[in-house]
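Participant: just a sequence and a predicted model for now, questions to come.
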Amino acid sequence: MTDSQDAGSSPLPDSSPTLDRARTGGGPPCTGGAPAATGEAPRETSPEAPAAPAGGNPVAVAAPGTRTAADVVTPEVAARLTRDVVGRGRTANHSPFTGEKLADLPESTPEDVARAFERARAAQERWAKVPVRQRAAVLLRFHDLILRRQAEVLDLIQLETGKARLHAHEEVQAVAVAARHYGRKAPAYLRPKGHTGVVPTLTKVTELRQPRGVVGQIAPWNYPFELTVGDALPAFAAGNAVVMKPDTETALTALWAREQLIEAGLPEDVWQVVIGDGPVVGPAVVAHADYVSFTGSTRTGREVAQGAAARLVGVSLELGGKNAMLVLHDADVEKAAAGAVRGCFSSAGQLCISIERLYVHESVADDFVRRFAARTKAMRLGNALAYGADMGSLVGERQLETVTRHVDEAVAKGARLIAGGRPRPDIGPLFYEPTILDGVEAPMAVCTEETFGPVVSLYRFRDEDEAVALANATPYGLNSSVWTKDGRRGRAVAARLRTGTVNVNESYAAGYGSVQSPMGGMGDSGLGRRHGSEGILKYTEAQTVAHQRLIPLAPAFGMDDEKYAQSMTRSLRAMKALRLR
């Protein structure tokens, strides 16, 4: 992630029309985004889309009756979701679709963070005593709740991040998969394991997994459902409590997740939420945590790691990326072009594992560029709480400034625009068209810096060795993608790429969604892994219990030191001959 953003299962159909479960009836809501606190009645709107500039991306038309911010985030809903936040100050969040305020929120101080950790520690001791199968069952009930009520969280994700609804649904999918996986596998990951002792049969050794205590989690704004509760689920299953600092602008989504998890059976105090500015609240979280989970920029990740190291507590970091996609000479060009659209422009490119560099073999480059550009120019932009748009908005002014700076500088220095390259204020204040650049080279900022927006640079290569070298020529190492009709070749190229995940004939979803396997970054892209056994064991301390039986590991039965040493020497040779490990 760039420095500017710190801060599976088949889905069931949308079934919950509003977050305010006390409301009934009501007229048809409207498209667009009104302030949450107005309380005004829903309005009918025209299905006419705003006029797009000449040659610009089309606008997705929302049907009359589409819900708005005023329908979703009522004062009652905001009060319900924030009632347990530890904070005495006041702040607010805003919707990227309109720039208008969504809700008033509590704001936490460092003293509030300390109080949250006190509550969490008391609750964690009780939670850790709950059998692991009962803790895991909470996750399975949570899985069912979020699929049943997915319309509620989809509305919140869209309002807080500006995403297209399908991209918001990727978060629901990811959280459901994680809940199912750890709900089923946590008992196996955490069960006591026997090991061969120093003297077989006489030394009985058991490895236990003890919870770390209270995990401090600092989550970003770009995936406010998946990167909050999705990362917290294995921590809870392992018997930990969590004190989480979500980004202020996307706090309601995290708080909605907390509400569902409590309904599924998680004790309230086991999950504490604090809200406030990153430089104020973030260090306080690190200062009290027994383990730190952070997703954000590489710059801030280094600071978090230093703070954790000073206290000798563990840390996991998922940080920035400048992810590459390789289109080999034998790729299915049409499928690769479709995959590039998904990989480059999902969540308006505000995805840590999205593609920002496209390397295409020179023999298929012209055909690929033609197909990719046509698909990109046809993408529909939209701001409605409904399916139909192919891409939504950027999340804030800083993101828009970074995207605009990278594109304008590249064009001024000789890069060529193949698609996009301009903001779209006709749709909303933070919309920017999906953009393809050709002819990018150093020292253009877009060449090496993470843009974290809907911008991709295209490069041509002659052979696979060159492509691999170019893809690896970055300090980052988060995700990459290889496209070829030859699966064996694709996997061989993948093994040469220095990234934590590599997808063959997919952009990012195959690797990320395969939750039995670890996901994380190499190099400047981070430390540690989420998913799989590493994703839950990182929230535990390994404890070895060794029970020595019958005789001590010392001279006994009248042996002197020399005879004991000779006896042990014979035993060591015998154990090697027996191939004991």
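Facilitator: Now that the structure is in, tell me what you want to look at.

Participant: so for the most far-flung residue of the chain relative to its centre, what's the pLDDT?
Facilitator: Relative to the centre of the chain, and counting by Cα atoms, centre = their mean, the farthest-placed residue is G558 at 62.6 Å. Note for G558: predicted pLDDT of 89.

Participant: likewise the one 4 residues further on?
Facilitator: With respect to pLDDT, E562 scores 95.

Participant: in what helix or strand does it lie?
Facilitator: Here E562, judged by DSSP states H and E, is contained in helix 561-577.

Participant: just how off-centre is that helix within its chain?
Facilitator: In terms of Cα atoms, centre = their mean, to the nearest Å, the centre of helix 561-577 is set 53 Å apart from its chain centre.

Participant: contact partners of it?
Facilitator: V199, P200, A554, P555, A556, M559 (Cβ atoms under 8 Å, 6 or more residues apart in numbering). No exception for glycine: its C-beta is placed from N, CA and C like everyone else's.

Participant: which ones are touching the residue positioned nearest the centre of the chain?
Facilitator: The structure's the chain has its C-alpha centroid closest to L227; by Cα atoms, centre = their mean the separation is 3.9 Å. Counting by Cβ under 8 Å, 6+ apart, L227 makes contact with A219, P220, T295.

Participant: may I have the beta-bridge partners of the last one?
Facilitator: Right, T295. Assessed by DSSP bridges, T295 has beta-bridge partners E318.

Participant: hang on, it packs against D231?
Facilitator: Yes. If you go by Cβ atoms under 8 Å, T295 and D231 touch, sitting 7.3 Å apart.

Participant: hey, what's in contact with both of those two?
Facilitator: Shared contacts of T295 and D231, defined by Cβ under 8 Å, 6+ apart, comprise A219.

Participant: how near is the residue farthest from the centre of the chain to G532?
Facilitator: Here G558 is placed at a distance of 52 Å from G532 (Cβ to Cβ, to the nearest Å).

Participant: same deal with S346?
Facilitator: Going from S346 to G532 by Cβ to Cβ gives 23 Å.

Participant: which residues sit in contact with T196?
Facilitator: V205, L580, R581.

Participant: and for the last one, the neighbour number?
Facilitator: Using other Cβ atoms under 10 Å, R581 has 5 other residues around it.

Participant: residue ranges in the stretch 101-250 of the chain under the pLDDT threshold?
Facilitator: The model of the stretch 101-250 of the chain has no residue with pLDDT under 70.

Participant: ok, which stretches of it are helices?
Facilitator: Here the stretch 101-250 of the chain has its helices, by DSSP state H, counting those that start in this stretch, at 110-128, 132-148, 150-161, 165-190, 229-237.

Participant: same for the shortest one, what does it pack against?
Facilitator: Applying 3 or more Cβ pairs under 8 Å, 6 or more residues apart in numbering; DSSP states H and E, one finds that helix 229-237 makes contact with helix 132-148, helix 165-190, strand 214-218, strand 241-245, helix 251-263, strand 291-295, helix 532-537.

Participant: would you list those in a markdown table and tack on mean neighbour count and distance to Y359?
Facilitator: Formatted as a markdown table, those follow (neighbours: other Cβ atoms under 10 Å; distance: least, Cβ to Cβ, whole Å):
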| stretch | mean neighbour count | distance to Y359 |
| --- | --- | --- |
| helix 132-148 | 19 | 38 |
| helix 165-190 | 22 | 25 |
| strand 214-218 | 28 | 33 |
| strand 241-245 | 29 | 37 |
| helix 251-263 | 25 | 35 |
| strand 291-295 | 26 | 27 |
| helix 532-537 | 20 | 29 |
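
Participant: nearest to P106, of the ones you listed?
Facilitator: Among the helices and strands packed on helix 229-237, the nearest to P106 by Cβ to Cβ is helix 251-263 (9.3 Å).

Participant: packing partners of that closest one?
Facilitator: Using 3+ Cβ pairs under 8 Å, 6+ apart, helix 251-263 sits against helix 75-82, strand 101-107, helix 132-148, helix 150-161, helix 229-237, strand 271-273.

Participant: that older thread, distance to R488 for the contacts of L227 - can I get that in TSV?
Facilitator: TSV is the format used below for the contacts of L227 (distance: Cβ to Cβ, whole Å):
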residue	distance to R488
A219	39
P220	37
T295	34
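
Participant: between those residues, which sits nearest E107?
Facilitator: Of all these, E107 sits closest to A219, with 16.7 Å by Cβ to Cβ.

Participant: am I right that the closest one is in contact with V242?
Facilitator: No. Under the criterion of Cβ under 8 Å, A219 makes no contact with V242, lying 10.4 Å away.

Participant: which of the contacts of T196 fall within strands?
Facilitator: Among those, the members falling in strands (DSSP state E) are V205.

Participant: I'd like the contacts of T196 laid out as JSON lines, including distance to R180.
Facilitator: Below are those laid out as JSON lines (distance: Cβ to Cβ, whole Å):
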{"residue": "V205", "distance to R180": "33"}
{"residue": "L580", "distance to R180": "39"}
{"residue": "R581", "distance to R180": "34"}
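
Participant: quick check, nearest of the contacts of T196 to A415?
Facilitator: R581 (56.9 Å).

Participant: and the closest one, how far is that from T196?
Facilitator: R581 sits 7 Å away from T196, going by Cβ to Cβ.

Participant: so what pLDDT did the residue nearest to R311 when sequence neighbours are not counted get?
Facilitator: Ranked by Cβ to Cβ, 6 or more residues apart in numbering and with sequence neighbours excluded, the top spatial neighbour of R311 is A287, at 7.3 Å. With respect to pLDDT, A287 has a value of 98.

Participant: which strand or helix spans A287?
Facilitator: For A287, the element it lies in under DSSP H and E is helix 278-288.
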